[in-house]
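Engineer: Here you go, sequence then predicted model.
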Amino acid sequence: MQFEEKQVKEINKEEKHFNNPSARMPNIKVFTGSSHPDIAKTIVARLGLNLGRATTKKFSNKETNVEIGESVRGEDVYIVQSGCGEINDNLMELFIMINACKIASASRVTAVVPCFPYSRQDKKEKSRAPITAKLLANLISVAGADHVITIDLHASQIQGFFNIPVDNLYAEPAITKWIKENIPEWKSSVMVSPDAGGVKRMTGIADRLDIDFAIIHKERQRANEGDSTVLVGDVKNKTAIMVDDLADTCDTILKGAEALREAGANKIYAFLTHGIFAGNAIEKINNSSLEAIVVTNTIPQEKNMKLCPKLQTIDISVMLAEAIRRTHYAESVSYLFTNVPY
């Protein structure tokens, strides 16, 4: 009963902020880099703000130039830049924007990185291998960021690479909501993890939905290549729902779909937080047995959706906007770990 009352209070608080046009947020500026301006525009629209004026360009020698077009002195600044597209150029752009705002006397600078790049390089796989995720954490901090907001880090321990606060939001509540609203037979479906690394994420959603789960055990010999799969669990004559944090070549997801089809699954859905879709991944999805592949919009998907009728997106900007609002007002963001803002 106490839990339900707490939820009602949280919902009422959100309605108070978002349904009152006169409730403007003071001393805050939101800027965007060039990697994913659409999500930044959606974020500021929900917050009732205007996007901060900033221009980015390349000099003839390919150096990045950033100009912040308005005062940020004493402001709470948020810079939205996702790890996609020309990743290294976009990262450099992020570093420069952070530094430009910091030396222009912004009171706080928060890097909002929906898809955190290099997150798979979080440990030494072999001798003399770099830990690039740690290097990136250092670079963001040295650039002057005071805080980082991201979604579904590939390895949650990457938060420990930073000496500044990191809010690692989860796509799990949004995915759960989408499943309930768009898969009629979800109550009799089976959640599936395409590999051992995603078991915790998958069981979290299965517990929310109160449904059975299965695991695909995978032996990988080379990066981005799933070599052999063994299904542990029963999916015969059921709808199978696979969940993973990201996919680039999609080999793991598609081999998992084949294993589920061979095991007798009626329909197969795949859910990803970050849809990178490198190489001919879209073509492979079109030719697969997947009913649909659903991703969040942490990475722009407009072009891919035109090429792939099976691809659908979940708007994650509502969670980022609420995280920014709560951070600005020094409120807890833990509500977002289990709920989707209204």
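Structural biologist: All right, it came through fine. Numbers count the residues shown, from 1 in each chain.
Engineer: Which residues are in contact with the residue most central in space within the chain?
Structural biologist: Geometric centre of the chain, nearest residue: Ile151, 3.8 Å, by C-alpha atoms, centre = their mean. Applying C-beta atoms under 8 Å, 6 or more residues apart in numbering, we find Ile151 in contact with Pro114, Cys115, Asn168, Leu169, Tyr170, Ala171, Thr273, Thr296, Thr298, Ile316, Met319, Leu320. Where C-beta positions appear, they are placed from N, C-alpha and C, glycine not excepted.
Engineer: in stretch 193-202, what's buried?
Structural biologist: For stretch 193-202, the neighbour count (16 or more other C-beta atoms under 10 Å) marks Ser193, Pro194, Asp195, Gly198, Arg201, Met202 as buried.
Engineer: Can I get these in CSV including pLDDT, distance to Val232 and secondary structure?
Structural biologist: Rendered in CSV, the data for the buried residues of stretch 193-202 read as follows (pLDDT from 0 to 100; distance: C-beta to C-beta, whole Å; DSSP: H, G, I helix; E, B strand; the rest coil):
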residue, pLDDT, distance to Val232, secondary structure
Ser193, 93, 10, strand
Pro194, 90, 12, coil
Asp195, 84, 12, coil
Gly198, 84, 13, helix
Arg201, 89, 16, helix
Met202, 92, 12, helix
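Engineer: Looking at these, which one is closest to Asp212?
Structural biologist: Met202 (11.2 Å; C-beta to C-beta).
Engineer: from the contacts of Ile151, which would you call buried?
Structural biologist: The neighbour-count test (16+ other C-beta under 10 Å) applied to the contacts of Ile151 identifies Pro114, Cys115, Leu169, Tyr170, Ala171, Thr273, Thr296, Thr298, Ile316, Met319, Leu320 as buried.
Engineer: Filter these down to the ones in strands?
Structural biologist: Judged by DSSP state E, strands contain the following of the buried ones among the contacts of Ile151: Leu169, Thr273, Thr296.
Engineer: I'd like those laid out as TSV, including pLDDT.
Structural biologist: Shown next, in TSV, are these (pLDDT from 0 to 100):
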residue	pLDDT
Leu169	97
Thr273	96
Thr296	97
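Engineer: Specify which member of those residues is nearest to Thr327.
Structural biologist: The shortest gap between Thr327 and any of these belongs to Leu169, at 11.2 Å (C-beta to C-beta).
Engineer: How about the contacts made by the closest one?
Structural biologist: Going by C-beta under 8 Å, 6+ apart, the list of residues near Leu169 reads Ile149, Thr150, Ile151, Asp152, Met319, Leu320, Ala323, Val333, Leu336, Phe337.
Engineer: List only buried entries from these.
Structural biologist: For these, a neighbour count by 16+ other C-beta under 10 Å gives the buried set as Ile149, Thr150, Ile151, Asp152, Met319, Leu320, Ala323, Val333, Leu336.
Engineer: This protein: helices as residue ranges?
Structural biologist: Applying DSSP state H to the chain gives helices spanning 2-18, 37-47, 87-103, 132-143, 172-182, 199-209, 251-262, 281-286, 302-307, 317-328.
Engineer: The fifth one packs against which elements?
Structural biologist: Helices and strands in packing contact with helix 172-182 are listed as helix 199-209, strand 267-275, strand 292-296, strand 311-314; criterion 3 or more C-beta pairs under 8 Å, 6 or more residues apart in numbering; DSSP states H and E.
Engineer: quick one: strands adjacent to the third one?
Structural biologist: Paired strands of strand 292-296, with direction, are strand 267-275 (parallel), strand 311-314 (parallel) (DSSP bridges).
Engineer: Using TSV, lay out the contacts of Ile151 together with distance to Ser105.
Structural biologist: Formatted as TSV, the contacts of Ile151 follow (distance: C-beta to C-beta, whole Å):
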residue	distance to Ser105
Pro114	27
Cys115	30
Asn168	29
Leu169	29
Tyr170	34
Ala171	35
Thr273	35
Thr296	34
Thr298	31
Ile316	31
Met319	30
Leu320	25
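Engineer: Nearest to Val44 among the residues you listed?
Structural biologist: When the contacts of Ile151 are ranked by distance to Val44 (C-beta to C-beta), Leu320 comes first, at 10.6 Å.
Engineer: Tell me if I'm right that the closest one and Ala40 touch.
Structural biologist: No: using C-beta atoms under 8 Å, Leu320 makes no contact with Ala40, being 9.1 Å away.
Engineer: Report the set of residues contacting both of these two.
Structural biologist: With C-beta under 8 Å, 6+ apart as the test, Leu320 and Ala40 both reach Val80.
Engineer: Identify the residue nearest Cys250 in space, chain neighbours excluded?
Structural biologist: Distances taken as C-beta to C-beta, 6 or more residues apart in numbering place Ala281 nearest to Cys250, at 4.3 Å, with adjacent residues excluded.
Engineer: isn't that neighbour right up against Asp248?
Structural biologist: Yes: Ala281 lies in contact with Asp248 (C-beta under 8 Å); the separation is 6.9 Å.
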